[in-house]
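1. quick one, structure for this:
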Amino acid sequence: MCFQNLPIVFDDEGKAHLDEGTFAVEAAAPRAEAGEPAPASVIDFHIDPVTRVAGALAFHARVDLENGVITDAHSEAVMFRGYEVILRGRNPLEAIDISSRACGVCGGVHSVCSAMALEMAFGVAPPPLAIIARNVAEAAELLYDHCMHLFLLAGPDYSEAMVRRTNPELWKRAERTSAASAGTHGILTVAEIMTALNPLRGSLALEALEVTRWGREIVSLIFGKYPHPSAVVPAGLGSRFDHTTLNQVLARAVRLLDFAKRVAAVWEDLVEFFYDADPAYRQVGVRRANLISTGMWDDPGAYDATYRNVDAWGSRRLSPPGVVVDGVLRTTRLSQINLGIEEFVDHSFYEPWNGGYLQAKAPDGSPLSPYHPWNKRTIPRPERRSWKERYSWSTAPRWDREPMESGPLARLWMTARAGRIDTEFIRGGEGTVEVTLPRAGLPEVTLVWRIPLVVNALERNRARGVYVAYCLMVAYSQLLRVFDHLRAGDAAMASPFTVRDGIGVGFWEAGRGALTHHCVVEDGRLQNYQILTPSSWMASPRDPWEVPGPYEEAVIHTPILEKHHGPEDFIGIDILRAIRSFDPCLPCAVHLDTGRGTVVRDATTCACGWEPGGGDARRKPDG
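-> Prediction:
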């Protein structure tokens, strides 16, 4: 059964119908204010901003230091994203350039997702070579993104500088623990791996800086520039993919083969070391196995940009779509994934928009919730933060009214469960994913990823380590197809199109996970445009039923394992590891004029913001 909470059922032919129920929301009673008195051992732990993440994120937790547990948590996106307001009423062709500014870390995925939404609305698809070029560029973008996270953002959490300070007993153990994969990555002990992760001076951190440049160069060669591409257009690309470009891209991809092997090996050794040292690390960042992926990397022989065939071309993607709830695969159909999406604002700084249907049905006639993005209206409502009432600029997206996590772990899970990927380099099914990396300086190796027993911080990082190789081999396999097209003289990079009224959605993936752009074009203008980012799914505040968002849930279930002597020297590294394992990305924001002057906030974060406290951590005993 696809939905258990939404009033949508499917007949024998698979067509969706509205059940006898309604989409009405019965909100739960408000929770108690987080600032109410608590035992003396409980402290307020507030981090503002959380450093080594992209954009402006604040986090509040209540920590019982005596018992080593976290009693409450709130994730706060502290800046307003205004692109939905900016785009309303504009020429649809402006959507690609404007929406790509939603993120300076992953602008390419927004450009492509926007182009796909317009392709559906206009009824046009790119030629095969343009689809292949798009696949290569986006594989390189995700690869660079994952390397940046593993070694520059999350990596310092597991570095010598951090582990020595928060868990000296772990450091001593690491010094005498041999690295099982030393034959691949060349580092003899786990302690040396940790030293290599030291920010700004560790060998792995410095190498990652160089590798991220190679990834961005590949994207720039295909998309014109990066991070905000200039060549992405509806139905194709405004650039050429000739032999010169092909050779430049291929040369960079080949250089990454050995690096990808070493990335997976390094994180395999780190994860297993922490598990062996203390099984309680399996609980750091743990949450339900609720996962969503819209999939990416289209088959040029299948993608036609239509909603009518969305399930057919979605099933042919090199990263398949799907939804898992409590570890059970609910669907792999993009149409059903789309129907299940709702956004709520009960604890967000927005006015509600449930005053009636704007778009009652999807293009195939399926019923839509009034809370669906096609029905959404972005109406900012700035006010004082209150943990009991409203406290975040992020909305609360839900699928079948469940909080969902996305990202590399979700993508690998779908590949392992769907069992449809069987290429020369990537195979998935029966709970595993295999990625084969050809010989370069190091021998050929096949990485094997298995669905983990739990979803936690370490498994998110392990999955990203494997996904670096997955992205690389997607790019490599697609590059081999380019030769065939060029030999056949099939070099077209764009299809002609006409701006017309319609409804569209782009289904794509960012590095952090599922990304959708929903648009409605009327009278040649954007009547509505909505962006739902992976970090909106995961940085979500509580929903109408007072269910925490994924960041909040993961932190609440995290034990306190660091060694401390009380509030005065408590760093909160386990909390920070849980948060950063999602690779938070919230730069999609603008300064907000409240009518009482402009609120200006310095939320600059970068790879060097690695201070152990994670930012401005203010702690005080309660009671």
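2. ignoring the adjacent residues along the chain, who's closest to the residue nearest the centre of the chain?
-> Nearest residue to the geometric centre of the chain (Cα atoms, centre = their mean): residue 512, 1.6 Å. In space, and not counting its chain neighbours, residue 512 is closest to residue 534: 3.9 Å by Cβ to Cβ, 6 or more residues apart in numbering. In short, each C-beta sits where N, CA and C put it, glycine included.
3. can you name the residues that contact that neighbour?
-> Going by Cβ atoms under 8 Å, 6 or more residues apart in numbering, residue 534 touches 406-407, 509-510, 512-515, 585.
4. show the pLDDT at it.
-> At residue 534, the pLDDT value in this model is 94.
5. over to the one 10 residues further on?
-> According to the per-residue confidence, residue 544 scores 96 in pLDDT.
6. go on, the one 5 residues further on?
-> The model reports residue 549 with a pLDDT of 97.
7. the one 3 residues further on too?
-> Residue 552 is assigned a predicted lDDT (pLDDT) of 98.
8. so the residue nearest to it when sequence neighbours are not counted, which of the three states?
-> Spatial nearest neighbour of residue 552, excluding adjacent residues (Cβ to Cβ, 6+ apart): residue 73 at 4.5 Å. Under the three-state scheme (DSSP: H, G, I helix; E, B strand; the rest coil), residue 73 adopts strand.
9. could we number from 852 for the rest of this?
-> Happy to do that; since the first residue is 852 now, the last one works out to residue 924.
10. so how far is residue 895 from residue 924?
-> Per Cβ to Cβ, to the nearest Å, residue 924 is found 11 Å from residue 895.
11. likewise residue 1198?
-> Using Cβ to Cβ, residue 1198 is found at 19 Å from residue 895.
12. and what of residue 1047?
-> Distance of residue 1047 to residue 895, computed by Cβ to Cβ: 35 Å.
13. which one's the longest helix in this protein?
-> What stands out as the longest helix in the chain, according to DSSP state H, is helix 1308-1338.
14. list the neighbouring strands of the helix or strand just after that helix plus their orientation.
-> Sequence order places strand 1353-1361 as the next helix or strand after helix 1308-1338, per DSSP states H and E. Paired strands of strand 1353-1361, with direction, are strand 1364-1373 (antiparallel) (DSSP bridges).
15. wait, isn't residue 1387 in contact with residue 1244?
-> No. Using Cβ atoms under 8 Å, residue 1387 is not in contact with residue 1244; the gap is 9.8 Å.
16. now do the shared contacts for those two.
-> Residues touching both residue 1387 and residue 1244 (Cβ under 8 Å, 6+ apart): none.
17. circling back: how about the contacts of residue 1385 in CSV, adding pLDDT?
-> Shown next, in CSV, are the contacts of residue 1385 (pLDDT from 0 to 100):
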residue, pLDDT
1257, 97
1258, 97
1360, 97
1361, 95
1363, 93
1364, 95
1365, 97
1366, 97
1436, 86
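18. heading C-terminal from the host helix or strand of residue 1377, find the next helix or strand.
-> Per DSSP H and E, residue 1377 falls inside strand 1376-1383. Where DSSP H and E defines the elements, the next helix or strand beyond strand 1376-1383 is helix 1385-1389.
19. for residue 861, give its distance to residue 1014.
-> When distance is defined by Cβ to Cβ, residue 861 is 51 Å away from residue 1014.
20. these two: which has the busier surroundings?
-> Remark: of residue 861 and residue 1014, residue 1014 carries more neighbours, 25 against 15, as counted by other Cβ atoms under 10 Å.
21. circling back: between residue 1198 and residue 895, which one's more packed in?
-> residue 1198 (25 against 18).
22. just to revisit the earlier point, let me see the contact set for the residue nearest to residue 1403.
-> Here residue 924 is in contact with 910-913, 1399, 1402-1403, 1406-1407 (criterion: Cβ under 8 Å, 6+ apart).
23. likewise for residue 1404?
-> Residues counted as contacts of residue 1404 (Cβ under 8 Å, 6+ apart) are 1138-1139, 1254.
24. also residue 1031?
-> Contacts of residue 1031 (Cβ under 8 Å, 6+ apart): 1119-1120, 1123.
25. all helices of the stretch 902-1051 of the chain, in order?
-> Secondary structure of the stretch 902-1051 of the chain, counting by DSSP state H, counting those that start in this stretch: helices at 934-938, 946-950, 958-973, 979-999, 1011-1017, 1019-1026, 1033-1036, 1041-1047.
26. quick one: which of these is nearest residue 1145?
-> helix 958-973 (9.1 Å; Cβ to Cβ).
27. now residue 1348: closest residue in space that isn't a chain neighbour?
-> residue 975 (4.1 Å).
28. next one, pLDDT for the one you found please.
-> We note a pLDDT of 97 for residue 975 in this prediction.
29. does residue 1054 touch residue 1047 like I think?
-> Yes. Between residue 1054 and residue 1047 there is a contact under Cβ under 8 Å: 4.6 Å.
30. isn't residue 1056 right up against residue 1045?
-> No. Residue 1056 is beyond contact range of residue 1045, at 11.4 Å (criterion: Cβ under 8 Å).
31. show me which of the two is the more surrounded one.
-> residue 1045 (27 against 21).
32. give the contact list for that one.
-> Counting by Cβ under 8 Å, 6+ apart, residue 1045 makes contact with 1009-1011, 1014, 1022, 1025.
33. the same query, at a cut-off of 6 Å, please.
-> Contact partners of residue 1045, counting by Cβ atoms under 6 Å, 6 or more residues apart in numbering, are 1010-1011, 1014, 1025.
34. can I assume residue 1284 sits in a strand?
-> Yes. Per three-state DSSP, residue 1284 lies within a strand segment.
35. circling back to that earlier point, flag every buried residue along the strand holding residue 1377.
-> For strand 1376-1383, a neighbour-count test (16 or more other Cβ atoms under 10 Å) marks 1377-1383 as buried.
36. does anything pack onto it? Which helices or strands?
-> Here strand 1376-1383 touches helix 934-938, strand 1364-1373, going by 3 or more Cβ pairs under 6 Å, 6 or more residues apart in numbering; DSSP states H and E.
37. that strand to strand 1353-1361, inter-axis angle?
-> 30 degrees (axes from the mean of the first three to the mean of the last three Cα atoms, to 10 degrees).
38. help me confirm that residue 910 comes into contact with residue 896.
-> No. With contacts counted by Cβ atoms under 6 Å, residue 910 stays clear of residue 896, the gap being 8.3 Å.
39. and the nearest residue in space to residue 1004 that is not next to it in sequence, how far from residue 1244?
-> Among residues not flanking residue 1004 along the chain, residue 903 sits closest, at 4.6 Å (Cβ to Cβ, 6+ apart). According to Cβ to Cβ, residue 903 stands 20 Å off from residue 1244.
40. ditto for residue 1066
-> Distance from residue 1066 to residue 1244, by Cβ to Cβ: 30 Å.
41. of the two, which one has the most company?
-> residue 1066 (28 against 25).
42. not counting sequence-adjacent ones, nearest residue to the more buried one?
-> Take residue 1066 and drop its neighbours on the chain: the residue closest to it by Cβ to Cβ, 6+ apart is residue 995, 2.7 Å away.
43. pLDDT score for that neighbour?
-> Per-residue confidence (pLDDT) for residue 995: 94.
44. shaky segments in the stretch 1252-1401 of the chain?
-> Across the stretch 1252-1401 of the chain, nothing is flagged by pLDDT under 70.
45. which residues of the stretch 1002-1151 of the chain fall in strands?
-> 1083-1084, 1087-1088, 1142-1144 (DSSP state E, counting those that start in this stretch).
46. deepest-packed of those strands, please.
-> strand 1142-1144 (a mean of 29; mean count of other Cβ atoms under 10 Å).
47. could you measure from the nearest residue to residue 862 once chain neighbours are set aside over to residue 1175?
-> What sits nearest to residue 862 in space, not counting adjacent residues and going by Cβ to Cβ, 6+ apart, is residue 868, at 6.4 Å. Note on residue 868: its distance to residue 1175, by Cβ to Cβ, is 25 Å.
48. out of those two, which sits in the more crowded spot?
-> Remark: of residue 868 and residue 1175, residue 1175 carries more neighbours, 23 against 12, as counted by other Cβ under 10 Å.
49. element containing that one?
-> Secondary structure assignment for residue 1175, by DSSP H and E: strand 1173-1176.
50. sweet, I'm off.
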